[in-house]
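**Student:** Take a look and give me a structure for this.
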Amino acid sequence: MLSTRISNSVVRSQIFPRLKIGNQRNVMTTARIGTDDPRMSRIVVHNGVVYISGQTDATAADIAGQTTNVLAKVDDLLSRAGTSKSNLLTASIWLKDINRDFLGMNGVWNEWVDPGNKPVRATVEAALARPQLLVEVQVTAATE
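**Tutor:** Residues are numbered from 1 along each chain as shown. You can find the predicted model right below:
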């Protein structure tokens with residue numbers, strides 16, 4: 001809860017400058033990039049927020065290599081959407097074995113993430129789609 005009261009007009013004009021109140025229409029825009037996969041888009045950009053599909057890597061045998069390769073894919077997708085890791089909002093990370101791989105993944109993540117613009121993040125253990133996959137990463141970012 002905020003310790004000071006903020007008037008509705010301040011909220012509308014400063015915190016939500018594009019929010020339309022009353023009879024005005026809120027114009028939404030959506031773009032889909034990388035739609036060659038029949039199941040999903042690789043990137044969806046909606047009203048200035050970039051959503052990327054979960055990224056995995058099966059070429060490296062260990063968590064450091066897979067995390068490095070996955071984060072390179074994230075960088076590429078963010079670039080294709082016109083943004084970068086400096087604009088991350090959220091990150092979801094799934095690990096095949098959180099007890100074994102959390103520290104190794106975190107070491108690579110900490111070297112990669114922009115220290116001045118860290119997103120909110122959740123990391124959980126999950127059964128991934130293929131046995132060789134150790135990590136999956138999905139992020140959202142603001143457009144630049």
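
**Student:** tell me the mean pLDDT for the longest helix anywhere in the chain?
**Tutor:** Ordering each helix of the chain by length in residues (DSSP state H) puts helix 63-80 first. Per-residue pLDDT over helix 63-80 has a mean of 98.

**Student:** Quick one: name whatever helix or strand follows that helix.
**Tutor:** Heading C-terminal from helix 63-80, the first helix or strand you meet, by DSSP states H and E, is strand 88-95.

**Student:** now for that following strand, which elements pack on it?
**Tutor:** Under the contact criterion of 3 or more CB pairs under 8 Å, 6 or more residues apart in numbering; DSSP states H and E, strand 88-95 touches helix 98-112, strand 120-125, strand 135-142. C-beta: built from backbone N, CA, C; applies to glycine.

**Student:** and if we set it to 10 Å?
**Tutor:** The contact analysis (3 or more CB pairs under 10 Å, 6 or more residues apart in numbering; DSSP states H and E) places strand 88-95 against strand 49-52, helix 63-80, helix 98-112, strand 120-125, strand 135-142.
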